[in-house]
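>>> From the sequence below, what's the structure:
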Amino acid sequence: MRRISGADGLSLEAPESVLELDSLNGPCDASDPKRIAAALFEQQRLSVFRYLVSLGLRPQVAGEIAQESFLRLYRHLRARGRNENLRGWIFRVAHNLAMNELRRAGTAEAEPPDSEVDPNGDPEQALLQKERIRRMQAAISMLPRRQQECLHLRAEGLRYREIAHVLGIGISSVGESVQRALVVLARTCHE
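Residues are numbered from 1 along each chain as shown. Have a look, this model is predicted:
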């Protein structure tokens, strides 16, 4: 394992088999599984990690599942698996692994993420911001699980088609879930 730290401060262990460069065999081409998996790891690791944490996994477990997901991507590509919509594929694998872990652990309760407040900012504004975040987190936790999942995946930048693929539901169901969640959250913000 090799520890990778991004500019975002997130540090994950990356499997050497995915990230090692093929220096002994010359340059890798664009169809090389190592190159594709490594590039996707760099682009999507933080989004996958945040999504897994939003499902209620502890950060350490979310990191392990994210790693396993990218390792499975590498194996999938090495076995000449389909390579369309790999972003959706990686989220689908991560989602399935997370659901298995949550079932195994017997919990689906989310740990609310800590919010960062600017220590040099206005204390009153910081308190108001913290209260808004607390109300929003409470509102999100009250949404049905499917709406939460759709909302979190959308927040990570996935399109409705990709969300439908990840969750194994129809595109219209995704649209309806996101819309309903946004209506509830908008009401919460205006209260």
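
>>> Please make it C-alpha for all contacts and neighbour counts, starting now.
Noted.

>>> Which residue ranges make up each domain of this protein?
As assigned by automatic domain parsing, the chain contains the domains 2-105, 123-189.

>>> ok now the shortest one, how far from the chain's centre?
Which is domain 123-189. In terms of Cα atoms, centre = their mean, to the nearest Å, the centre of domain 123-189 is found 14 Å from the chain centre.

>>> and the domains of the chain as TSV, adding mean pLDDT and mean neighbour count?
Compiled in TSV, the domains of the chain are given as follows (pLDDT from 0 to 100; neighbours: other Cα atoms under 10 Å):
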stretch	mean pLDDT	mean neighbour count
domain 2-105	76	17
domain 123-189	86	16
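
>>> Send me the longest helix that the chain contains as PDB with only the CA atoms.
Looking across the chain with DSSP state H, the single longest helix is helix 33-54. The C-alpha coordinates for helix 33-54 follow below in PDB (Å, rounded to 0.1, in the frame of the first residue of the first chain):
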ATOM      1  CA  PRO A  33      -5.900  -0.600 -16.900                       C
ATOM      2  CA  LYS A  34      -3.300   0.800 -14.500                       C
ATOM      3  CA  ARG A  35      -3.300   4.200 -16.200                       C
ATOM      4  CA  ILE A  36      -7.200   4.300 -16.300                       C
ATOM      5  CA  ALA A  37      -7.600   3.200 -12.700                       C
ATOM      6  CA  ALA A  38      -4.900   5.500 -11.400                       C
ATOM      7  CA  ALA A  39      -6.400   8.500 -13.300                       C
ATOM      8  CA  LEU A  40      -9.900   7.700 -12.100                       C
ATOM      9  CA  PHE A  41      -8.600   7.300  -8.500                       C
ATOM     10  CA  GLU A  42      -7.000  10.700  -8.600                       C
ATOM     11  CA  GLN A  43     -10.200  12.300 -10.100                       C
ATOM     12  CA  GLN A  44     -12.900  10.600  -8.000                       C
ATOM     13  CA  ARG A  45     -11.400   9.300  -4.700                       C
ATOM     14  CA  LEU A  46     -12.600  12.300  -2.700                       C
ATOM     15  CA  SER A  47     -16.100  12.200  -4.200                       C
ATOM     16  CA  VAL A  48     -16.400   8.400  -3.500                       C
ATOM     17  CA  PHE A  49     -15.100   8.900   0.000                       C
ATOM     18  CA  ARG A  50     -17.500  11.700   0.800                       C
ATOM     19  CA  TYR A  51     -20.400   9.700  -0.600                       C
ATOM     20  CA  LEU A  52     -19.500   6.700   1.600                       C
ATOM     21  CA  VAL A  53     -19.300   8.900   4.700                       C
ATOM     22  CA  SER A  54     -22.700  10.400   3.800                       C
END
